[in-house]
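can you look at this prediction? I've put the sequence above it.
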Amino acid sequence: MAATSMKDIKLRIKSIESTMQITKAMQLVATSKLRRAKERMEQSRPYAQIAREAVVTASLNCADPSIPYLVQQKDRKDCYIIIAGERGLAGGYNNNLFKAQLAHAQDREYCVLPIGRKAIEKYHRLGVQVLDDSYAAVESLNVSSCYKIAKQLLQQFKEGNFGNLYLVYTSFKSMMSQEAEIMQLLPVLTDASTGKERPVSTIYDPDAAEVLEKIMPDYLAGTLYSATCNSFLSEVASRRSAMDSATKNAGEMINDLRLKFNRARQGAITQEITEIVAGAEQ
Amino acid sequence: MAETFHLQIVTPDKPVFDGTAEKLIVRTITGDVCILARHIDYAAALGIGEARVTDGEGNTRIAACNGGLLSVCDNQVRVMATTFEWADEIDTERARLSLDASQEALNKADRSDANYAALEAKLKRALVRVQISE
């Protein structure tokens, strides 16, 4: 009996060791990607910030408050851009994002533009209208694809296919904490909550509405690109900590099993000795 | 020494310039504008063209600038460009190749093509890049 349990334990140790090798490797990959992802996120941030400010000030300066980017259309459905991951095994990264989006949408009708393979799979499964499912890669999503997405969405917005555009992404707070966030892109929020006063003295060339129209794709694309960088960094950080704890757990399990194995071995030896001694005495 | 202002140039993937400048010339959709220190608050959409930046030490650099926004607010000048490449960073050889390619694409395209305007813009961008890099 002792022999079979020893063999079982040995097999389990082996299988855990190989799992540990994989989690360890994934952790190392995530660590090495982290630095570059962080750099990319930091470099993309100023543009997104400036673009947002520019759009808000231009909106405040618009003489005509009825231009489509500023009007709330309550009767139209919503649209969500969802930036999730390409792969799983990143702790709650993908799930937290989907949960936040579903809670936000409640029972309003909406369509989605998923970015990242996990998001595409999820919303196809839910049976939600998916505008475009060709953006499966997050890491390699570049500025020009962001412009493509922005132009596509603006066109749909102008055609009246949706009235609100939200961006769902994961914001990187620190190595240990990343939070799913939802940001309204369209219509542009210009209310008191942005804390901006109308700067009347600015001269717009030719006029604010035209400038706004021109920079709209830049605003969407810049924000999208920055959010993508932010999400990717969060994904990598989240994967790193998930894999770190998985590796630690595997190590603990192996230690436990080694202890059990040694006990079983010792037990077997003791039993053999007892048997031999008992046989000699007879 | 001339008066200076704070100039910030950003593109979606990275900040390009952040520091003091004496003079900035960029092409907006309505024409070239020159910004000097203490310019009135101003905002304009950028076109496709050459940009000249004279920094705080008086060195002038030329760049190819395309799309985006120029804004002046309280002596803070911001250029938010879709692309912004310094002349010395453009690969002339490649710029030429892409100029030829876009010329060819435009020749083939039909005027009624929905992409005609986009192709034209592409050609213009390529043209500016080649001119500046030379």
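Sure, I can see it. Numbering: from 1, shown residues only, chains lettered A, B, ... in the order given.

grab the nearest non-local neighbour of residue B:105.
Nearest non-adjacent residue to residue B:105, counting by CB to CB, 6 or more residues apart in numbering or on different chains: residue B:119, 5.6 Å away. In short, each C-beta sits where N, CA and C put it, glycine included.

hmm, that neighbour is touching residue B:107, no?
No: with contact defined as CB atoms under 8 Å, residue B:119 does not count as touching residue B:107 (9.7 Å).

of these two, which one has the most company?
residue B:119 (17 against 9; other CB atoms under 10 Å in any protein chain shown).

residues in contact with the more buried one?
By CB atoms under 8 Å, 6 or more residues apart in numbering or on different chains, the contact set of residue B:119 is B:102, B:105, B:106, B:109, B:113.

check residue A:247 too.
Residue A:247 touches A:20, A:23, A:24, A:27, counting by CB under 8 Å, 6+ apart.

do you know how far it is from residue A:254?
11 Å (CB to CB, to the nearest Å).

residue A:28 too?
Noted for residue A:28: a distance of 19 Å to residue A:254, by CB to CB.

now do residue A:58
Applying CB to CB to residue A:58 and residue A:254 gives a distance of 61 Å.

buried stuff in stretch A:171-184?
With burial defined by 16 or more other CB atoms under 10 Å in any protein chain shown, the residues of stretch A:171-184 counted as buried are A:172, A:178, A:180, A:181, A:182.

near chain B too, which of these?
For chain B, no contacts are drawn from these by CB under 8 Å from any CB of the partner chain.

okay, now the domains of chain B?
Per the record, chain B has its domains at B:5-87, B:90-133, by automatic domain parsing.

can you redo the ones you listed as CSV with distance to residue A:114 and mean pLDDT?
What follows is these, written out as CSV (distance: least, CB to CB, whole Å; pLDDT from 0 to 100):
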stretch, distance to residue A:114, mean pLDDT
domain B:5-87, 21, 92
domain B:90-133, 26, 83
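
before we move on, the earlier item: more neighbours, residue A:28 and residue A:254?
Neighbours were counted for residue A:28 and for residue A:254 using other CB under 10 Å; residue A:254 has more, 17 against 13.

count of residues packed around the closest residue in space to residue A:71 that isn't next to it in sequence?
Once flanking residues are discounted, residue A:71 sits nearest to residue A:187: 6.0 Å by CB to CB, 6+ apart. Look at residue A:187: counted by other CB under 10 Å, it has 18 neighbours.

what are the phi and psi values at residue A:187?
Dihedral angles of residue A:187 (phi, psi; degrees, to the nearest 10) stand at phi -60, psi 160.

interface residues of the stretch 51-200 of chain A facing chain B?
Contact residues, the stretch 51-200 of chain A versus chain B (CB under 8 Å from any CB): A:51, A:54, A:57, A:58, A:142, A:143, A:146, A:147, A:199.

and the nearest residue to residue A:74 once chain neighbours are set aside, how many residues sit next to it?
Excluding the flanking residues, the one nearest residue A:74 by CB to CB, 6+ apart is residue A:163, at 7.1 Å. Counted with other CB under 10 Å, the neighbours of residue A:163 add up to 18.

tell me where chain B has helices.
Here chain B has its helices, by DSSP state H, at B:92-108, B:116-133.

with respect to burial, which of those helices scores highest?
Of all those, helix B:116-133 has the most neighbours on average by mean count of other CB atoms under 10 Å in any protein chain shown, namely a mean of 18.

now that one, how far from the centre of its chain.
Its chain's C-alpha centre and that of helix B:116-133 lie 12 Å apart, by CA atoms, centre = their mean, to the nearest Å.

what angle sits between it and helix B:92-108?
150 degrees (axes from the mean of the first three to the mean of the last three CA atoms, to 10 degrees).

alpha carbons only: can I get helix B:116-133 in CSV?
In CSV, the C-alpha atoms belonging to helix B:116-133 read as follows (Å, rounded to 0.1, in the frame of the first residue of the first chain):
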residue,chain,number,x,y,z
TYR,B,116,-10.0,59.7,-54.0
ALA,B,117,-9.7,62.4,-51.4
ALA,B,118,-7.8,60.0,-49.1
LEU,B,119,-5.4,59.1,-51.9
GLU,B,120,-4.9,62.7,-52.7
ALA,B,121,-4.1,63.5,-49.1
LYS,B,122,-1.7,60.6,-49.0
LEU,B,123,0.1,62.0,-52.1
LYS,B,124,0.3,65.4,-50.5
ARG,B,125,1.8,64.0,-47.3
ALA,B,126,4.4,62.0,-49.3
LEU,B,127,5.2,65.1,-51.3
VAL,B,128,5.8,67.2,-48.2
ARG,B,129,8.0,64.6,-46.6
VAL,B,130,10.2,64.3,-49.7
GLN,B,131,10.5,68.1,-50.0
ILE,B,132,11.4,68.5,-46.4
SER,B,133,13.9,65.7,-46.2
